[in-house]
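**Q** with the sequence up front, the predicted model follows.
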Amino acid sequence: EREQTLNQILVEMDGFDTDTSVIVLAATNRPDILDPALLRPGRFDRRVILDRPDINGRVAILKVHSNGKPLDKSVSLEVLAKETAGFSGADLANLVNEAAILAARRNKKAIEMQELDESIDRVIAGPERKSRRISPKEKEITAYHEAGHALVARMLPNTDPVHKISIVARGMALGYTKTLSEDRYLLTRSQFKDMLASLLAGHTAEELIFNETTTGSQDDIERATKLARKMVTDYGMSDKLGPRTFGHKEELVFLGREISEQRDYSDKIAQQIDDEVHNIIQQAYEVAKGILTQNKPKLIQIVERLVAQETIEGEELEALFNEPVPSPPPEAT
């Protein structure tokens, strides 16, 4: 059936003369599976890549979707564009609509930056679930977990700036740490290493304070494992295995799901890949543990403020990072 459809398309396209004023356009989310016969000169011979918008594109999209909506004078679309790196056009439209709904619920006549900032969190992590009841112990564990992420990210040179920490549940998460990311098209091994350390920092903080770990680190560990494996098998960032890729991945057509990997390496190399992934993750864990151990009083200070306020962001968070740690009371003699 697919072959018949392809042949029909080719016959119709070959029916046009070179002087016919007709341009044939088509769109696809899977250019990797297009038949080469469609892409030869004279058919679909030019590809136009529509990627996620950069900062200029996000400003323009925000202007379109905020047109006709009452924005407060304090709202800066340029600041919003900097905070929404990686957002698609649909994400930005949803952001503005969510902010308008929040402003209406609060009986405001204009949309303020407060509503827009909260809408960013809604798009990324989901709406707040303040009705979810958690015990004081779980609240404390969550606070140490998120403070660990924030403190390690703050101390490492190749991570994005930390903008917000919250222990108010959103979606399926009990807490949330947000960074201000930039538009990047190249990432370095140093950046990946610091990302791994900050991903593992929540798990490490739990272990450091409570001598115990929880299921709250599942997503962090899964993301760290996938990133470390990509460093070895896709990006050639392994000193031991060198600059080459490992494995040819077969994907489910039209669904984009990876269903198998055709191994093009031996069992010995497979063991070396596993060892390298383990070493990269272990090194990141040691970096996170060293930072948190050395800055344990600051970690406790952040947690105390976070438990009391539940959310810290912006200038207040920056001031907390720079605030001196109070000296412990003298021991009784």
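**A** All right, it came through fine.
**Q** surely residue 272 touches residue 241?
**A** Yes: the criterion here is CB atoms under 8 Å, and residue 272 meets it with residue 241 at 6.1 Å. Heads up, the C-betas are built off the backbone N, CA and C, glycines and all.
**Q** which residues do those two both contact?
**A** By CB atoms under 8 Å, 6 or more residues apart in numbering, residue 272 and residue 241 have no common neighbours.
**Q** stretch 146-166: which residues count as buried?
**A** Buried residues in stretch 146-166, counted by 16 or more other CB atoms under 10 Å: 146-156, 158-160, 162-166.
**Q** now, the residues you listed that are in helices?
**A** Among the buried residues of stretch 146-166, the residues falling in helices (DSSP state H) are 146, 147, 148, 149, 150, 151, 152, 153, 154, 155.
**Q** in space, what's closest to residue 174 - neighbours in sequence excluded?
**A** Distances taken as CB to CB, 6 or more residues apart in numbering place residue 142 nearest to residue 174, at 4.6 Å, with adjacent residues excluded.
**Q** cool, residue 138 as well?
**A** Residue 138 sits nearest to residue 174 (CB to CB, 6+ apart), 7.2 Å away.
**Q** quick one: low-confidence ranges for the stretch 201-333 of the chain?
**A** Low-confidence segments of the stretch 201-333 of the chain (pLDDT under 70): 248-262, 328-333.
**Q** what about the strands in it?
**A** Assigned by DSSP state E, counting those that start in this stretch, the stretch 201-333 of the chain shows strands spanning 248-252, 257-262, 311-313.
**Q** what strands line up against the last one, and which way round?
**A** Note on strand 311-313: by DSSP bridges, its sheet partners are strand 162-166 (antiparallel).
**Q** picking up where we left off before, run a quick neighbour tally on the residue nearest to residue 174.
**A** Residue 142 sits with 26 neighbouring residues when counted by other CB atoms under 10 Å.
**Q** which element is it on?
**A** Under the criterion of DSSP states H and E, residue 142 resides in helix 136-155.
**Q** helices or strands next to that helix in the packing?
**A** Helix 136-155 sits against strand 162-166, strand 176-179, helix 189-210, helix 267-294, helix 296-309, with contacts defined as 3 or more CB pairs under 8 Å, 6 or more residues apart in numbering; DSSP states H and E.
**Q** now distance to residue 54 too, for those, in TSV please.
**A** Shown next, in TSV, are these (distance: least, CB to CB, whole Å):
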stretch	distance to residue 54
strand 162-166	20
strand 176-179	18
helix 189-210	19
helix 267-294	30
helix 296-309	33
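**Q** residue 36: which of the ones you listed is closest?
**A** Residue 36 lies closest, by CB to CB, to one member of these: helix 267-294, at 31.3 Å.
**Q** and that closest one, how far out from the chain middle?
**A** 21 Å (CA atoms, centre = their mean, to the nearest Å).
**Q** stretch 43-54 too?
**A** 24 Å.
**Q** what is the mean pLDDT for that stretch?
**A** Model confidence over stretch 43-54, given as mean pLDDT, is 84.
**Q** quote the end-to-end distance of it.
**A** Using CA to CA, to the nearest Å, the end-to-end distance of stretch 43-54 comes to 30 Å.
**Q** can you list the residues that contact that stretch?
**A** Against stretch 43-54 from outside (CB under 8 Å, 6+ apart): 10, 13, 24, 26, 31, 34, 37-39, 60-61, 86-89, 92, 183.
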